[in-house]
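Engineer: Turn this into a structure:
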Amino acid sequence: MRICWKSCSGASIAAMQKRHAFSFLFYTLLTITPAYARTAPAAAPANTTTRRQGSAESNVYPMQEGFVDAHGVMIYYKILGRGEPLMIVHGGPGASHDYFLPYLLPLTRHNKVVFIDERGSGRSQKREERSGYTVENMVEDVEMVRTSLNLGKINLLGHS
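Structural biologist: Got it, this is the predicted structure:
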């Protein structure tokens, strides 16, 4: 079993795409989730107020969902939680983010977890022409979601 984590920015995604299209896809999920979920959140900056443990507001986690137009293909996303962005790429083809959701909910306590449905999968747009289903296009879809949602530097977790 192989475990890989990478932090990604626009430049590094393009570099990965040129070298090894599959290098950012990761091969395990359940073995790293328990350890990652136990990590402590980063300390809050000095000029912000921190929420008290147990306050009603700290028990509510925001959710946002929608579509990003990735060069003519509508890519579905769902964001849960707050904190450092963690983008989740499901296996496939044809699967969706739904099978990850119950297992990754603990990560939303300290991360802004961004689930996407790859092109042709889940709630994302399905195309008739097969030529659009390439690794390069799917990498571009991830990059379009990242930039359109102004996520900046992300952690990326994929499953295959």
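Engineer: ok, and for the helix or strand containing L157, which residues are buried?
Structural biologist: Assigned by DSSP states H and E, L157 falls within strand 154-158. By neighbour count with 16 or more other Cβ atoms under 10 Å, strand 154-158 contains the buried residues 154-158. Where C-beta positions appear, they are placed from N, C-alpha and C, glycine not excepted.
Engineer: Tell me which stretches of this structure form strands.
Structural biologist: 6-8, 63-70, 73-81, 84-89, 111-116, 154-158 (DSSP state E).
Engineer: how about the CA coordinates for the fourth one, as PDB?
Structural biologist: Right, the one you point to is strand 84-89. Provided in PDB are the C-alpha atoms of strand 84-89 (Å, rounded to 0.1, in the frame of the first residue of the first chain):
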ATOM      1  CA  GLU A  84      -6.800  24.600   5.800                       C
ATOM      2  CA  PRO A  85      -8.200  23.500   2.400                       C
ATOM      3  CA  LEU A  86      -8.100  19.700   1.800                       C
ATOM      4  CA  MET A  87      -9.400  18.700  -1.700                       C
ATOM      5  CA  ILE A  88     -10.700  15.200  -2.100                       C
ATOM      6  CA  VAL A  89     -10.600  13.400  -5.500                       C
END
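Engineer: Can you give me every residue that contacts the residue lying closest to L101 once chain neighbours are set aside?
Structural biologist: The shortest distance from L101 to any non-neighbouring residue, by Cβ to Cβ, 6 or more residues apart in numbering, is to F115 (7.0 Å). With contact set as Cβ atoms under 8 Å, 6 or more residues apart in numbering, F115 has these partners: 77-80, 88, 90, 97, 100-101, 104.
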